[in-house]
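A.B. asks: Turn this into a model:
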Amino acid sequence: MPEDKYIHSTEFSVRDYECDIQGVVNNANYQHYLEHARHEFLLSRGISFSALHNEGIDLIVSRIEIDYKYPLRSHDKFIVRSGIKQEGNVRLVFLQDIYRQPDEKLIIKAKVTGAAVRNGKPIRPGDIFQKLL
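C.D. replies: Just a heads-up that it's a prediction; the model follows:
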């Protein structure tokens, strides 16, 4: 994704316990980083994930595609850069890339597809999407 397509970024540092016996970040932890960055993005747009839930609306992930390019190691600093687009009436796609700092090494590229549901059924979250887009 071209850098001008990013609309939000969140900085992190790798913690020791996130690494496996090989000394690199365990693959599952990248999903935690991506999720936290998405929640921070929502908050930056005035949308509280938990407040939506309390209103009966849940934002769910329906698909994640991750291309692992290079590993992170303990104490590495990195940034998750996020972009977003709407697909159809009910799908929202986050395009998220992780870059190691300060050298801007691409670590992963991810595409996270989600939707808004009420009582387990997809809804058209027009107002929510408008705040995000």
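
A.B. asks: Return the set of buried residues in the strand with the most length in the chain.
C.D. replies: Scanning the chain for the longest strand, with DSSP state E as the assignment, gives strand 106-118. Along strand 106-118, the positions that meet the burial threshold by neighbour count (16 or more other C-beta atoms under 10 Å) are 107-108, 110, 112, 114-117. All C-beta atoms are positioned from the backbone trio N, CA, C, and that covers glycine.

A.B. asks: and the spatially most distant residue from the centre of the chain, which of the three is it?
C.D. replies: Residue farthest from the centre of the chain, counting by C-alpha atoms, centre = their mean, is I21 at 25.7 Å. In the three-state summary, I21 is assigned as coil, counting by DSSP: H, G, I helix; E, B strand; the rest coil.

A.B. asks: where do the strands sit along this structure?
C.D. replies: In order along the chain, the chain carries the following strands (DSSP E): 8-13, 58-68, 77-87, 91-101, 106-118, 121-122.

A.B. asks: Show the pLDDT at the spatially most central residue of the chain.
C.D. replies: Residue closest to the mean C-alpha point of the chain, counted by C-alpha atoms, centre = their mean, is L34 at 3.5 Å. Here, the pLDDT recorded for L34 equals 98.

A.B. asks: can you pull the contacts of it?
C.D. replies: 64, 80, 94, 96, 98, 110, 112 (C-beta atoms under 8 Å, 6 or more residues apart in numbering).

A.B. asks: do I108 as well
C.D. replies: Contacts of I108 were listed using C-beta under 8 Å, 6+ apart, and they are 30, 66-69, 97-98.
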